[in-house]
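**Q** coordinates only, sequence not included:
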């Protein structure tokens with residue numbers, strides 16, 4: 001009888017627990033409809049936007065002076081005075097320091113005296129040339145006079161030769177005495193001697209003319225040599241004067257003195273040994289040097305636009321262009337040395353500052369773009385997933401430039417369709433989707 005009571009009590013407790021196990025509620029509660037369709041995928045969409053897209057590489061670099069010139073002494077001397085210190089703004093040709101070189105001053109006086117001596121020699125040579133020219137004229141006149149005498153002597157000898165033949169014939173015919181024949185013979189010999197004397201005078205006059213011409217040539221050569229001597233003396237004097245000009249250390253261009261290593265009384269030595277007297281940097285233009293990695297090296301060209309950002313000047317950006325490249329890559333780090341010249345009229349950019357240079361290797365302005373995450377790539381084809389009538393619709397597109405964040409759409413979209421922003425590859429063509437509405441932004445009080 002006790003066992004029967006226990007079974008009855010257990011059955012009652014089991015009946016009391018059945019409703020709770022069945023669903024924790026009344027037995028008549030509604031159950032899910034197992035015949036309903038698949039769940040709708042919620043997606044975030046964006047619309048294609050027109051924007052400027054560029055392919056660029058950002059590389060660290062540093063600012064360097066466009067020109068940086070150490071100034072050394074050309075001549076040995078003592079520093080008489082120096083006029084500028086570091087930080088001084090200088091202009092081209094401005095005297096930075098003056099050296100005392102007394103031996104050059106003395107040598108310059110000597111060269112001036114040598115010029116005067118050479119000029120005196122030239123005047124003397126010209127006078128000698130005039131004398132030689134006059135002497136030549138005199139000897140030529142004498143030659144002409146003597147040559148005229150030869151004609152008289154020849155004519156006189158010819159006359160006495162004819163007379164001697166006539167007298168000799170008469171003497172043979174015994175028409176004349178022997179004394180007359182002897183007299184005629186003597187006169188013939190006298191005319192022959194006179195003729196020989198005149199011809200000898202001609203030769204002497206010709207020799208005198210040749211001598212006068214030689215003296216004239218020598219005088220003319222002396223004039224040329226004296227004139228050349230003046231040139232040599234003047235060039236030598238100019239050389240010394242040029243060395244004297246090196247006693248003044250001048251600025252090679254407009255710029256700023258960045259170093260000074262000279263004091264009054266210092267002895268300078270010519271050449272580049274030791275420290276320079278001054279270092280001058282050009283400051284109206286600076287150059288920014290960066291190393292472009294290998295993957296971008298072949299795309300960097302002269303004239304590419306560059307945006308420069310400096311850590312030391314927060315919020316200040318500068319724009320320039322690629323001015324030159326080394327063309328060859330550094331074998332150590334496989335980078336292309338690239339230089340950007342940036343005008344610096346206000347002297348804001350200083351050599352040594354660290355800079356970031358963004359080199360725009362390609363840029364397409366005002367093109368249709370979508371986020372890079374919106375692309376779906378299948379083999380050689382590229383798609384975007386549009387939402388049309390609550391369905392996913394795949395659209396084949398042709399893409400262009402990609403900057404890593406957004407991509408250019410060259411064809412396939414008209415710009416009005418909403419495009420799934422991300423994970424479009426998980427959606428099948430025609431799949432039901434619902435658009436996630438953007439959360440409204442609350443206005444700040």
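**A** That came through, no problem. Quick caveat: nothing in here was measured; it's all calculated off a predicted structure.

**Q** okay, helices next: where are they in the protein?
**A** In the chain, helices defined by DSSP state H lie at 2-23, 102-172, 178-245, 294-297, listed in chain order.

**Q** which parts of the shortest one are buried?
**A** Applying a neighbour-count criterion of 16 or more other C-beta atoms under 10 Å, one finds 296-297 buried in helix 294-297. Every C-beta, even on glycine, is put in place using the N, C-alpha and C of the backbone.

**Q** report the distance from it to the chain centre.
**A** Averaging C-alpha positions (C-alpha atoms, centre = their mean, to the nearest Å) puts helix 294-297 25 Å from its chain's average.

**Q** so who does the nearest residue to residue 48 once chain neighbours are set aside touch?
**A** In space, and not counting its chain neighbours, residue 48 is closest to residue 415: 4.6 Å by C-beta to C-beta, 6 or more residues apart in numbering. The contact partners of residue 415, by C-beta atoms under 8 Å, 6 or more residues apart in numbering, come to 47-50, 368.

**Q** any stretches of the stretch 101-250 of the chain with poor pLDDT?
**A** For the stretch 101-250 of the chain, applying pLDDT under 70 flags the ranges 171, 173-178, 181.

**Q** switch the cut-off to 90
**A** For the stretch 101-250 of the chain, applying pLDDT under 90 flags the ranges 101-119, 121-122, 124-224, 226-231, 233-234, 236-247.

**Q** before we move on, the earlier item: tell me which of the helices of the chain approaches residue 278 most closely.
**A** When the helices of the chain are compared by C-beta to C-beta, helix 178-245 sits nearest residue 278, at 16.8 Å.

**Q** report the inter-axis angle for that closest one versus helix 102-172.
**A** 170 degrees (axes from the mean of the first three to the mean of the last three C-alpha atoms, to 10 degrees).

**Q** any low-confidence regions in the stretch 251-400 of the chain?
**A** 268-275, 283, 295-296, 298-299, 309-320, 344-349, 360-364, 378-380, 389-390.

**Q** run the last query once more with 80
**A** For the stretch 251-400 of the chain, the stretches with pLDDT under 80 are 274, 314-316.

**Q** now the strands for it?
**A** With DSSP state E, counting those that start in this stretch, the ranges of strands along the stretch 251-400 of the chain come out as 255-260, 267-268, 278-281, 285-293, 305-310, 317-329, 335-343, 354-371, 375-378, 381-388, 391-396, 398-402.

**Q** adding distance to residue 42, write those out as JSON lines.
**A** Shown next, in JSON lines, are the strands of the stretch 251-400 of the chain (distance: least, C-beta to C-beta, whole Å):
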{"stretch": "strand 255-260", "distance to residue 42": "64"}
{"stretch": "strand 267-268", "distance to residue 42": "83"}
{"stretch": "strand 278-281", "distance to residue 42": "63"}
{"stretch": "strand 285-293", "distance to residue 42": "41"}
{"stretch": "strand 305-310", "distance to residue 42": "39"}
{"stretch": "strand 317-329", "distance to residue 42": "41"}
{"stretch": "strand 335-343", "distance to residue 42": "47"}
{"stretch": "strand 354-371", "distance to residue 42": "18"}
{"stretch": "strand 375-378", "distance to residue 42": "18"}
{"stretch": "strand 381-388", "distance to residue 42": "11"}
{"stretch": "strand 391-396", "distance to residue 42": "12"}
{"stretch": "strand 398-402", "distance to residue 42": "26"}
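
**Q** okay, those, which one's buried deepest?
**A** Highest mean neighbour count of these: strand 278-281, a mean of 23 (counted as mean count of other C-beta atoms under 10 Å).

**Q** sheet partners, orientation included, of that strand?
**A** strand 68-71 (antiparallel), strand 255-260 (antiparallel) (DSSP bridges).

**Q** re the thing from before, wait, which of the helices of the chain is closest to residue 372?
**A** Evaluated over these, closeness to residue 372 peaks at helix 294-297, with 18.1 Å, by C-beta to C-beta.

**Q** can you read off the pLDDT for residue 34?
**A** On the pLDDT scale, residue 34 is placed at 42.

**Q** how about the one 3 residues further on?
**A** pLDDT, the model's per-residue confidence, is 52 for residue 37.

**Q** same check on the one 5 residues further on?
**A** At residue 42 the predicted local confidence, pLDDT, stands at 90.

**Q** before I go, just wanted to say thanks for your time.
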